[in-house]
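> Quick one, what's the 3D model for this:
(one chain, ligands or ions: 7)
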Amino acid sequence: MVRSLAQWTKTLSFPARISPNKAAKDRVNIHQVSPTITPTLSNNSLSKNNEINTMMNNHASLSEVNQIYSDPESEKAIMSSIVYCIHHKEGCKWSDELRKLKGHLNTCKYDAIPCTSKCGAQIPRVLMEDHLKYTCPQRRTRCEYCNKEFTGHALENHAGHCGYEPLYCENKCGMKVHRRHLGQHKSDGCSKRLVPCRYCSKEFVADTLPAHHVKCGRVPIQCPNRCDASVLAREDLDAHLKEECTVSVHGCHFKDAGCRFKGSRYVIEKHLEEHCQQHLTLMCNVVTKQQHQIASLKSALSRLSLNYSGTLIWKISEFTAKMGEAKSKEGMELVSPPFYTSQYGYKLQASIFPNGNGAGEDSHISVYIKILPGEYDALLRWPFSHSVSFTLFDQSACPEKACNIVESFIPDPTWKNFQRPSIEPDSLGFGFPKFVSHEMLKKRHFMKEDTLFIRVKVDPSKIVAV
Ligand SMILES: [Zn+2]
Ligand SMILES: [Zn+2]
Ligand SMILES: [Zn+2]
Ligand SMILES: [Zn+2]
Ligand SMILES: [Zn+2]
Ligand SMILES: [Zn+2]
Ligand SMILES: [Zn+2]
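Ligands and ions are numbered 1, 2, ... in the order given. The predicted structure follows:
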């Protein structure tokens, strides 16, 4: 191999044993050197060697050097200089006369030569074997997966495409699959692929599909009654049993009224058609029972609202209209709510004739009290002997100036009105036909806002109010 000096003198170095004096003596004159080159001489470098180096760095060829060193003596001296191999720093231990360097480099294992497989790379001899084996694009090699033979360059292109390279599935199912089977695996075999439920069409991860099928509402099932219905979706079963199933057993629609019949939907429909009369009877019984309940509730309610105080304050509103009605209709009587003299006492009721009655007819308001059949009559003393007073209130704005009208009496024990009343209410009462004259009624404030207040007070003490 031929190489120009410029190639190797860049790193040319000399061993320390060259004496400076000898070098000074061997100096040659070279005038065309450039001062800008930095030589890589050893510590005791000499100006002469500087010149050699600078000259060499200016790409002078060996023959040029020969021409420059026209003095054969000097040339001989220089070529006899002891130098290190240019690959000293890489580890070559060679050191000898400069003239032998060229020969050494032909065998120096650190010197780069073109790749023997002609890939074009310059490779140090020492690395050539590795290069040819592992990195040379021209090397012959086999794919570790498919075992096919490639050149190094083709293998690099093949890498990442080999169908036999095992790869982890991207769905993270944990499987390693040859690249050529990966597509098939992901669409058919992968446990983490998305698959639609064949009943409801929603997508699920393949390995959760069996769990979904257990509860999927669209899974077809048979009616548990084994009716003729074709196959049902699971989520429709309840509605089917309630609405459609011809076999499922229901109670008769009149079960609350007492009918105990049970049967399939079809049988129930037939039963309803055929048993109208029976169902009607059942419903009548229900109505009768409810009427009794209503009546007893009503009486319980009226008992709760009864007055047991012995004093009734009777409010008679819209009196003018009532008076008008009484004047046009003979014997028109207004009756008060019943009241008791005490919790277990006599049951009484007051009444008025707005247009008078008997001696007071057409001129007075008449007031009466009558004894109604009460719940405790059997335990009470007869005849009734409590004093009774009637009061028409003067509704004056100033109560001190009010002047009420009061009438009272003590029952006459011989009078039959005060005997124990029969179960049928007696129409007879006792009272004052001329209680208040129509004239008097217009005075003071007996009538205010078209309303009268009449108090009926029953007193066992027999003290007669005045
Ligand atoms: Zn060497
Ligand atoms: Zn190569
Ligand atoms: Zn391969
Ligand atoms: Zn997978
Ligand atoms: Zn489903
Ligand atoms: Zn069914
Ligand atoms: Zn029935």
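> residues in contact with the closest residue to F254 other than its chain neighbours?
Excluding the flanking residues, the one nearest F254 by CB to CB, 6 or more residues apart in numbering is H279, at 4.7 Å. No exception for glycine: its C-beta is placed from N, CA and C like everyone else's. Neighbouring residues of H279 by CB atoms under 8 Å, 6 or more residues apart in numbering: 254, 257, 259, 272.
> any idea of the mean pLDDT in the one helix or strand H279 maps to?
Secondary structure assigned from DSSP states H and E places H279 in helix 276-304. Per-region confidence: helix 276-304 scores 92 on mean pLDDT.
> What pairs with whichever helix or strand comes after that helix, parallel or antiparallel?
With elements assigned by DSSP H and E, the helix or strand that comes after helix 276-304 is strand 311-316. Here strand 311-316 has these sheet partners by DSSP bridges: strand 452-459 (antiparallel).
> What does T391 show for phi and psi?
Main-chain torsions, T391, degrees, to the nearest 10: phi -130, psi 130.
> can you check G356 too?
Dihedral angles (degrees, to the nearest 10) for G356: phi 80, psi 160.
> that older thread, for the helix holding H279, buried residues please.
278-279, 282 (16 or more other CB atoms under 10 Å).
> now do stretch 167-184
So stretch 167-184, judged by 16+ other CB under 10 Å, has buried residues 169, 171, 173, 175, 177-178, 182.
> Hmm, P137 is touching G152, no?
Yes: at 4.6 Å, P137 and G152 qualify as touching, with contact defined as CB atoms under 8 Å.
> Need the residues touching each of these two.
In contact with both P137 and G152: no residue, using CB under 8 Å, 6+ apart.
> Between these two, which is the more surrounded one?
Neighbours were counted for P137 and for G152 using other CB atoms under 10 Å; G152 has more, 19 against 15.
> Taking the stretch 301-450 of the chain, what residue is nearest to ligand 6?
L301 (50.4 Å; CB to the ion).
> ok, that residue to ligand 4 distance?
For L301, the distance to ligand 4 equals 79 Å [CB to the ion, to the nearest Å].
> same question, K262
56 Å.
> ditto for Q138
40 Å.
> Thought T116 was touching that residue, still the case?
No: using CB under 8 Å, Q138 is not in contact with T116, being 9.3 Å away.
> Next to ligand 1, which bits of the stretch 51-200 of the chain? Give me the list.
In this structure, the stretch 51-200 of the chain approaches ligand 1 at residues 85, 87, 92, 94, 108, judged by CB under 5 Å from the ion.
> got a pLDDT number for S317?
Taking S317 on its own, its pLDDT is 92.
> For it, give me its contacts.
450-451.
> and it, how far is that from D450?
Distance, S317 to D450, using CB to CB, to the nearest Å: 7 Å.
> now swap in D111 and tell me
As judged by CB to CB, D111 and D450 stand 140 Å apart.
> Leaving out chain neighbours, which residue sits closest to the residue of the stretch 351-466 of the chain found nearest ligand 3?
In the stretch 351-466 of the chain, the residue found nearest to ligand 3 is E375; the distance is 113.7 Å by CB to the ion. The spatial neighbour of E375 that comes closest, neighbours along the chain excluded (CB to CB, 6+ apart), is K347 at 7.4 Å.
> How many neighbouring residues does the one you found have?
20.
> Kindly report the same for C108.
21.
> check contacts around it.
Neighbours of C108 in contact, by CB under 8 Å, 6+ apart: 85, 87, 92, 94, 125.
> repeat that for 6 Å
The contact partners of C108, by CB atoms under 6 Å, 6 or more residues apart in numbering, come to 85, 87, 92.
> how about those in JSON lines, adding secondary structure and pLDDT?
Below are those laid out as JSON lines (DSSP: H, G, I helix; E, B strand; the rest coil; pLDDT from 0 to 100):
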{"residue": "C85", "secondary structure": "coil", "pLDDT": "93"}
{"residue": "H87", "secondary structure": "coil", "pLDDT": "91"}
{"residue": "C92", "secondary structure": "coil", "pLDDT": "92"}
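> and which of those residues is nearest ligand 4?
If you rank the contacts of C108 by distance to ligand 4 using CB to the ion, H87 comes first, at 54.9 Å.
> Can you verify my assumption that that closest one contacts Y110?
Yes: here H87 reaches Y110: they are 3.5 Å apart, a contact under CB atoms under 6 Å.
> what about those two, which has more around it?
Legend: neighbour count by other CB under 10 Å for H87 and Y110, higher for H87 (21 against 18).
> Give me the distance between that one and ligand 7.
117 Å.
> same question, Y134
98 Å.
> hang on, that residue in a strand?
No: looking at Y134 with DSSP: H, G, I helix; E, B strand; the rest coil, it is helix, so not inside a strand.
> and the buried residues of helix 276-304 as CSV, adding distance to T341?
Listed next are these as CSV, based on distance: CB to CB, whole Å:
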residue, distance to T341
Q278, 52
H279, 51
L282, 47
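> Go through these and name the one nearest S248.
Among those, H279 lies closest to S248 (CB to CB), at 21.7 Å.
> how about stretch 314-331: buried residues?
Buried-residue list, stretch 314-331, by 16+ other CB under 10 Å: 314, 316, 319, 322-323, 326.
> how about low-confidence regions in the stretch 301-450 of the chain?
Where the stretch 301-450 of the chain drops to pLDDT under 70, the residues are 423-428.
> All the strands of it, residue numbers only.
Assigned by DSSP state E, counting those that start in this stretch, the strands in the stretch 301-450 of the chain fall at 311-316, 334-335, 339-340, 347-353, 364-372, 387-392, 405-409, 430-437.
> quick one on the thing from earlier: give me the more crowded residue out of D111 and D450.
D111 (21 against 13).
> quick one, what contacts that one?
D111 touches L105, counting by CB under 6 Å, 6+ apart.
> quick one: it from G91, how far?
Applying CB to CB to D111 and G91 gives a distance of 12 Å.
> before we move on, what about K215?
76 Å.
> domains of this structure?
Domain assignment for the chain by automatic domain parsing gives 5-110, 248-305, 306-459.
> May I see those domains arranged in a markdown table, with distance to P224 as well?
Shown next, in a markdown table, are these (distance: least, CB to CB, whole Å):
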| stretch | distance to P224 |
| --- | --- |
| domain 5-110 | 91 |
| domain 248-305 | 8 |
| domain 306-459 | 61 |
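> As a markdown table, those with distance to ligand 5 would be great.
Formatted as a markdown table, these follow (distance: least, CB to the ion, whole Å):
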| stretch | distance to ligand 5 |
| --- | --- |
| domain 5-110 | 73 |
| domain 248-305 | 26 |
| domain 306-459 | 70 |
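> Now E149. Nearest residue, chain neighbours left out?
Per CB to CB, 6+ apart, closest to E149 is R142, 5.3 Å.
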